[in-house]
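> Pasting the sequence and the predicted coordinates here, then a few questions.
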Amino acid sequence: MSKFLYDVRPYFITALQFVLFIPFFYALTLQVPIYWWMSAFAVAFCFTVFGFNIGFHHTFCHKIFKFPRFIEIILMYIGTVGSGSSPLGWSIYHGAHHKYPDTVYDPNSPYILKWKALFMCFHKTSKPDIIGMRHLFKDPFQKYFDSNIGYWTTMLSWPILMGCIFGIKGLIFLWAIPVLYTLLTQIIFVFSHVGQPDKTGNRAINNWLLHLVSFGDGNHKDHHTKWNTCGWLPIVSAKLIGGKPVSR
């Protein structure tokens with residue numbers, strides 16, 4: 001049962017990619033005060049910029065920023081809720097994406113996967129970057145969020161809390177729509193590998209659409225050229241919540 005609950009995660013995330021469109025389209029039919037949509041945008045910003053971009057991508061995986069410990073734990077939590085992955089599980093695959101870009105060992109290359117790249121259950125690799133992410137395996141909170149109890153408790157706690165406090169509107173505008181937004185942003189990241197290959201075979205491009213939906217993190221080709229770089233808004237946002245760039 002433990003192995004099943006771990007292995008089913010990518011299929012759960014893929015199901016969310018489809019199922020969450022239902023509450024989104026339902027929300028479009030509702031006549032609600034504008035603050036509900038503003039709240040959905042604010043939570044989506046937190047999930048996408050703070051949880052996924054700053055937390056998962058630039059802090060836990062690439063070690064660009066350093067935060068106070070309690071902020072790191074918050075980033076682990078909201079990143080897991082928004083992306084549907086644990087920071088450790090996501091990072092070992094993303095490390096492989098940087099080591100083997102657009103090859104058969106790249107877990108999410110649209111050049112290799114074609115249409116399958118749209119669905120996160122196909123984002124796999126036989127060479128996850130365990131060694132490159134060994135710092136995460138030493139972190140007890142990273143291991144907790146990657147465990148079945150940590151992952152599923154985190155994934156279920158936010159929608160249950162929003163639903164209990166704010167009812168059906170809270171479930172839709174404070175969970176479903178923000179999570180859908182973060183998942184779709186991840187897919188746009190994936191499809192920022194549709195350019196001509198460079199000398200290493202990397203097909204990453206600087207993507208204006210990604211720049212827009214990720215709130216300033218669309219210089220994907222530049223990031224692959226120099227992985228310890230990111231967009232201006234993540235840098236500003238990280239500093240606002242106590243983050244400091246790591247000197248190298």
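Cool, the structure landed.
> can we go C-alpha only for contacts and neighbour counts from here?
Will do.
> Which residue ranges of the chain form strands?
65-66, 244-245 (DSSP state E).
> How many residues are close by Thr103?
Neighbour count for Thr103, taken as other C-alpha atoms under 10 Å: 17.
> residues touching it, list them.
By C-alpha atoms under 8 Å, 6 or more residues apart in numbering, the contact set of Thr103 is 109, 112, 201.
> And Gly216, by the same measure?
Counting by C-alpha under 8 Å, 6+ apart, Gly216 has contacts 210, 231-234.
> one step back: which of the contacts of Thr103 fall in helices?
Using DSSP state H, the members of the contacts of Thr103 that fall in helices are Ile112.
> Kindly present the contacts of Thr103 as JSON lines, with separate columns for neighbour count.
Formatted as JSON lines, the contacts of Thr103 follow (neighbours: other C-alpha atoms under 10 Å):
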{"residue": "Ser109", "neighbour count": "26"}
{"residue": "Ile112", "neighbour count": "15"}
{"residue": "Gly201", "neighbour count": "12"}
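> Looking at the contacts of Thr103, which is nearest Gly170?
Ser109 (35.1 Å; C-alpha to C-alpha).
> Could you pull up the residues touching the closest residue to the closest one other than its chain neighbours?
In this structure, Ser109 finds its nearest non-sequential neighbour in Asp102, 5.1 Å apart by C-alpha to C-alpha, 6 or more residues apart in numbering. Residues in contact with Asp102 (C-alpha under 8 Å, 6+ apart) are 109-112, 193, 201-203.
> From those residues, pick the one nearest Ala238.
Comparing every one of the contacts of Asp102 with Ala238 (C-alpha to C-alpha), the shortest separation belongs to His193, at 25.9 Å.
> What is the burial count for that closest one?
Neighbours around His193, by other C-alpha under 10 Å: 23.
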